Structures are given as C-alpha cells and as structure tokens.
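1. only geometry, no sequence info:
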C-alpha cells in the first residue's frame with residue numbers, strides 16, 4: 001500500500017510533466033538537426049569532393065614512382081590546403097544548419113561597426129575579387145559580430161563564385177531610417193524571380209549556375225543567422241544584369257541617424 005502511494009506521489013510531483021515535455025522537445029530538435037546533416041551528405045557528393053582532392057594530392061606526394069620538382073610539390077600542397085579550406089567551410093555550414101534546425105542559435109547582440117566586421121569576413125575570397133564601399137560614418141548596428149561575419153562571408157563567397165573573374169563584387173552599405181542595408185552586388189547570370197526565394201533553401205541548386213556548382217547551405221545559413229539577429233536577407237536583380245543580396249540590420253539603440261542616407265543605385 002505504501003509503495004502504491006509512493007508511485008502516486010511521484011507521478012503527481014510538481015515539474016515532472018514539464019521536464020518530460022522539455023526532454024521530448026530536445027529529442028525532437030536533435031532528430032531534426034541530425035536529419036538535416038544526414039540528408040545533405042546522402043544526396044550530395046560535395047563532402048567527398050574536397051576529400052578526394054586532398055587524398056589524391058597526398059598520395060601523389062608520397063609516391064616513390066615520381067620525383068616531384070619543387071614547383072610541383074608546392075602546387076600539390078596548395079591543392080591540399082585549398083581542399084582543406086573547402087571542407088572546413090562545408091563542415092561549418094553543416095553544423096550551423098544543424099544548430100538552426102534545432103533552434104540552438106542564441107545571438108549575443110551588441111553594438112558593432114560594419115566597417116570593422118565586413119573586412120574580417122573576406123578572408124575566404126581573393127583580395128581583388130571584392131570592392132568595398134562601407135562609409136566610416138555609418139551608425140552602429142545591433143548584431144552578433146560572429147554571426148554577422150559568417151553571414152557576410154557566405155553571401156560574398158557565393159557572389160564571387162558566380163561573378164565573372166574580371167568583375168569584382170561590390171559590397172556597399174547605407175543607413176535607412178532605423179536600419180542599415182548592406183548590398184552585395186554581383187554581375188553573374190542572375191536568378192529568375194520565381195527562384196529568388198528557393199536559393200535560400202538548404203542544398204537548393206539553380207540549374208543555370210556556372211561551372212555546375214550548387215548554392216548549397218551557405219545562403220540558407222546566412223538567412224537563418226540574419227533572422228536570428230532580427231534582420232532580413234533578400235535577393236533582387238542587379239540593374240544591368242546579375243544578383244544583389246540585400247542584408248538589412250537593426251541600428252543599435254540610440255543610434256538613429258539624423259539624415260538617413262538612401263542606397264545609391266548600382267550603375268556599373
């Protein structure tokens with residue numbers, strides 16, 4: 001009898017039902033994140049591509065059948081480094097998408113200067129592939145610096161990938177009312193209106209992209225991080241041809257400009 005009463009008491013203990021619900025929700029979030037990673041790896045060869053290049057270069061360097069010149073060795077080592085960088089980016093995007101799917105992204109929002117954050121995000125692209133127009137007089141924005149750096153890096157790297165080699169991507173910023181807009185302007189093939197939202201879906205490919213590359217996870221992660229900070233990320237046509245990514249960010253409290261600048265039209 002006492003044991004029965006004990007079971008009844010435990011079943012009615014305050015917080016037990018709530019704890020069970022929290023554990024169930026955590027389990028569902030983990031499953032969503034795992035499903036995202038597994039689905040991407042199962043349906044895409046991209047994780048294998050950088051690994052294959054790294055392995056081929058390492059195997060060549062270790063081969064006793066060929067005597068490599070210093071230049072050949074340098075080129076093989078460069079290929080290994082480039083493959084490792086691509087793999088690092090891919091794994092980072094997979095982990096970030098998993099965090100977004102499971103709802104575990106918690107931005108640490110504070111004041112930040114765009115003219116400091118944006119240049120730090122350009123390490124993954126050639127120096128001459130981007131042209132910056134970030135006025136030092138812009139008001140500060142209210143963002144998570146680490147997340148914003150990832151957003152800008154993903155958007156710019158995507159723009160560089162689809163732009164002509166001799167045409168730098170333009171990254172410019174201006175303030176509008178209580179927001180700051182960052183525009184990443186490329187002169188690539190562009191995206192039709194009906195596909196502009198789809199390119200932000202995980203692993204979405206656009207059939208007319210050059211070199212047969214897919215958009216992958218980069219833009220999906222960029223939009224997810226942007227929205228987590230209270231901003232928006234949209235795509236629009238570049239006048240004269242190409243695609244412009246518009247990143248809109250909230251101003252830091254008390255930083256509303258007296259005379260907001262309007263974004264200049266892209267004319268070149």
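-> Done, it's in. This structure is a prediction, so every number in the text was calculated from the model and none was measured.
2. separation between the closest residue in space to residue 247 that isn't next to it in sequence and residue 165?
-> Nearest residue to residue 247, sequence neighbours excluded (Cβ to Cβ, 6 or more residues apart in numbering): residue 182, at 4.2 Å. For the C-beta atoms, the positions are set from N, CA and C on the backbone; glycine is no exception. As for residue 182, its distance to residue 165 is 23 Å (criterion: Cβ to Cβ, to the nearest Å).
3. Equivalent analysis for residue 108, please.
-> Distance, residue 108 to residue 165, using Cβ to Cβ: 38 Å.
4. go on, residue 233?
-> 26 Å.
5. Between the two, point out the one with more neighbours.
-> residue 233 (22 against 9; other Cβ atoms under 10 Å).
6. Check for me that the more buried one belongs to a helix.
-> No - assigned with DSSP: H, G, I helix; E, B strand; the rest coil, residue 233 falls outside any helix and is strand.
7. Report the separation between it and residue 197.
-> Computed with Cβ to Cβ, the distance linking residue 233 and residue 197 is 11 Å.
8. State the helix or strand in which residue 182 lies.
-> strand 179-185 (DSSP states H and E).
9. That strand pairs with which strands, parallel or anti?
-> Partner strands for strand 179-185, per DSSP bridges, with pairing direction: strand 169-176 (antiparallel), strand 243-250 (antiparallel).
10. Redo those strands as TSV? Include mean pLDDT.
-> Below are these laid out as TSV (pLDDT from 0 to 100):
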stretch	mean pLDDT
strand 169-176	96
strand 243-250	97
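11. Tell me which of those sits nearest to residue 148.
-> Closest approach to residue 148 among the strands paired with strand 179-185 (Cβ to Cβ): strand 243-250, 7.5 Å.
12. For the nearest residue to residue 66 once chain neighbours are set aside, list the residues it contacts.
-> Once flanking residues are discounted, residue 66 sits nearest to residue 60: 7.3 Å by Cβ to Cβ, 6+ apart. Applying Cβ atoms under 8 Å, 6 or more residues apart in numbering to residue 60 gives the contacts 66, 68, 76.
13. what comes up buried for stretch 58-78?
-> 60, 76 (16 or more other Cβ atoms under 10 Å).
14. end to end, how far does that stretch reach?
-> 11 Å (Cα to Cα, to the nearest Å).
15. same thing with stretch 174-184?
-> Stretch 174-184 has its terminal residues 12 Å apart, counting by Cα to Cα.
16. Now do the buried residues in it.
-> 174-175, 179-184.
17. how near is residue 191 to residue 78?
-> According to Cβ to Cβ, residue 191 stands 32 Å off from residue 78.
18. hmm, back to that, sitting in helices, which of the contacts of residue 60 do you find?
-> residue 76 (DSSP state H).
19. after the helix or strand hosting residue 95 comes which helix or strand?
-> Residue 95 belongs to helix 70-102 when assigned by DSSP H and E. Scanning forward in sequence from helix 70-102 by DSSP H and E, the next helix or strand is strand 110-112.
20. isn't residue 79 right next to residue 57, touching?
-> Yes - if you go by Cβ atoms under 8 Å, residue 79 and residue 57 touch, sitting 4.6 Å apart.
21. Show me which of the two is the more surrounded one.
-> Remark: of residue 79 and residue 57, residue 57 carries more neighbours, 20 against 17, as counted by other Cβ under 10 Å.
22. okay but the more buried one is in contact with residue 76, surely?
-> Yes - counting by Cβ under 8 Å, residue 76 is a contact partner of residue 57 at 4.5 Å.
23. ok, the residue nearest to residue 66 to residue 84 distance?
-> Distance from residue 60 to residue 84, counting by Cβ to Cβ: 16 Å.
24. Any regions of the stretch 1-150 of the chain where pLDDT drops low?
-> 1-50, 85-94, 96-98, 100 (pLDDT under 70).
25. Please repeat the previous calculation with a cut-off of 90.
-> For the stretch 1-150 of the chain, the stretches with pLDDT under 90 are 1-107, 123-127, 136.
26. How about the stretch 151-268 of the chain?
-> The model of the stretch 151-268 of the chain has pLDDT under 90 over residues 165, 177-178, 201-218, 253-268.
27. now the helices for it?
-> 218-228 (DSSP state H, counting those that start in this stretch).
28. quick one, phi psi at the nearest residue to residue 84 once chain neighbours are set aside?
-> Leaving aside its sequence neighbours, residue 84 sits nearest to residue 54 (Cβ to Cβ, 6+ apart; 6.4 Å). Residue 54 has phi and psi values of phi -60, psi -50 when expressed as degrees, to the nearest 10.
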